[in-house]
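S.K.: the following comprises the amino acid sequence and a computationally predicted model.
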Amino acid sequence: MYLPILADLTLWIGLGVLVILILGVIAIYNSLVALKNKFKNAFAQIDVQLKRRYDLIPNLVETVKGYMAHERETLDAVIQARSAATSAREGAAANPGDPQSMGALMAAEEGLGGALGKLFALSEGYPDLKANQNVSSLMEELKTTENKIAFARQHYNDSVMAYNNKREMFPSSIIAGMFNFSEASMFEIGAAEREEVTNPVKVEF
């Protein structure tokens, strides 16, 4: 008499546990998706500012080349670095957080930062260039854009850290492994670009 009741109770307990496990998996999966979408959205904010920065650079080069006719190699280096950074940005925008894409973007950004830094240093020797209002305006726009990039990058990196922490913690790590939630890469800058951001020009235009 008691055996059927006990069997039914065991069945219901088992079903209850199964439902709880399923709901737990769904909750963890959804939280991982939400965190992944958050860092992707954060990178989109970086992407907007990077594109603006890259759009400003040709205008800057076009403006200064009349004053720096003997610095053709430096100007060409800036344009080439800008082109490489633009391609890397497109790759990273298509797959934010991907280690290979983010690595290419960081390398390209470091190269661009170094080229711009050299251009800014050489500009010290051109008094007429420093007095040009167009150059002054472009430099101010670049500085503002750099500040926005720095802010957006911090938000992106914080979002990536939250996502990576979630995917590495138990039991989220099990779900992350089951559904291929791979580790995301942060967006960090090298010494050359950091110098350009903190001191984008060594003289006052």
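M.R.: Looks like it came in fine.
S.K.: now residue 180, what's its secondary structure?
M.R.: Put simply, residue 180 is coil when judged by DSSP: H, G, I helix; E, B strand; the rest coil.
S.K.: over to it: give its phi and psi.
M.R.: Backbone torsions of residue 180, given as degrees, to the nearest 10, read phi 60, psi 50.
S.K.: kindly report the same for the one 4 residues further on.
M.R.: Geometry field for residue 184 lists phi and psi as phi -100, psi 150, criterion degrees, to the nearest 10.
S.K.: and it, what does it touch?
M.R.: Contacts for residue 184 were tallied using Cβ atoms under 8 Å, 6 or more residues apart in numbering; they are 36, 39, 96, 97, 98, 160, 163, 164. C-betas here are computed from N, CA, C, even on glycine.
S.K.: please check those residues and keep the buried ones.
M.R.: Of the members of the contacts of residue 184, the ones counted as buried by neighbours, 16 or more other Cβ atoms under 10 Å, are 36, 39, 96, 97, 98, 160, 163, 164.
S.K.: my read: the second one touches residue 160, true?
M.R.: What it means is residue 39. Yes. Counting by Cβ atoms under 8 Å, residue 39 does reach residue 160; the two are 4.8 Å apart.
S.K.: please identify every residue contacting each of these two.
M.R.: 97, 184.
S.K.: now do residue 76 against residue 115, distance only.
M.R.: Note on residue 76: its distance to residue 115, by Cβ to Cβ, to the nearest Å, is 9 Å.
S.K.: swap that for residue 20, please
M.R.: Relative to residue 115, residue 20 is positioned 57 Å away (criterion: Cβ to Cβ).
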